[in-house]
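*Asks:* From the sequence below, what's the structure:
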Amino acid sequence: MSETSIDVSGEMEVPKRPAGGQNKWDMQNLPTLQNLPSPLEMIQTIRQSLRPWTVFFNINNFKTAVSMQRLNNRVMRNLSYFQSNYIFVFIVLMIYCLITSPLTLVVVAAVAFGCHKIRSMNSDVTLMGHSITPKQQIVGLNLCAAPLLFLAGAGAVLFWTLGASCFVIFMHAGFYNIDAIVTEENEGFLSQVV
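*Replies:* This is a model prediction of the structure:
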């Protein structure tokens, strides 16, 4: 066997470490609180783009797909066309889960109230000589709430909601024949989706 020689010489630059020898989180890279839409604004946006519920629940349009390719196209078109309706279904199922799990509801309400108060005060807090911005306060509040939500059973609520939502949404998207509601005004939209 012949020996192979590979030249691995060169100059490497050692990455610079921050002073103090420890990595620090840069909280300034978090999204600003002013740029995040409020839950009411998000609900308004969803409500404006909702399709009529009579069209969404029209049982005459539920049919099985002929082939897998048509099923795939149907699911993709339905997910795009009824996106706001599906988000609304998810929100309704989440509200149902919160109502049936009162301890989780109490923790979520307390965290939402705390975040609202922090946003409305919008002032720095000094803790052990360190100034904490409102962004950092909200992150800290949510981190403190995570173990409480775990103890309250929010994991089960979340996974039940995700599972139920996925089941309902994909059953509707798979069986709803969107070709039955294609008209001249929305045919261009649907052709762009597919």
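*Asks:* now the strands for this structure?
*Replies:* 125-127, 130-132 (DSSP state E).
*Asks:* Let's test this: mean pLDDT of the last one, rounded?
*Replies:* The average of the pLDDT scores along strand 130-132 is 85.
*Asks:* Kindly report the same for the first one.
*Replies:* For strand 125-127, the mean per-residue pLDDT is 82.
*Asks:* got a list of contacts for that strand?
*Replies:* Applying C-beta atoms under 8 Å, 6 or more residues apart in numbering, the contact partners of strand 125-127 are 131-132, 137. All C-beta spots, glycine's among them, are computed from the backbone N, C-alpha and C.
*Asks:* Closest one to residue 156 out of those, please.
*Replies:* Residue 156 has its nearest neighbour among these in residue 137, at 28.7 Å by C-beta to C-beta.
*Asks:* confidence score at the closest one?
*Replies:* 88.
*Asks:* cool, and residue 6?
*Replies:* Residue 6 is given a pLDDT of 81.
*Asks:* go on, the one 10 residues further on?
*Replies:* Among the per-residue scores, residue 16 holds a pLDDT of 74.
*Asks:* ok so, going back, any chance of the strands of the chain in TSV, plus distance to residue 178 and mean neighbour count?
*Replies:* Converted to TSV, the strands of the chain look like this (distance: least, C-beta to C-beta, whole Å; neighbours: other C-beta atoms under 10 Å):
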stretch	distance to residue 178	mean neighbour count
strand 125-127	52	11
strand 130-132	50	11
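*Asks:* what packs against the lengthiest helix in the chain?
*Replies:* Taking DSSP state H as the criterion, the chain has its longest helix at helix 154-175. Packing partners of helix 154-175 (3 or more C-beta pairs under 8 Å, 6 or more residues apart in numbering; DSSP states H and E): helix 68-81, helix 83-100, helix 102-121.
*Asks:* Nice, that's everything, thank you.
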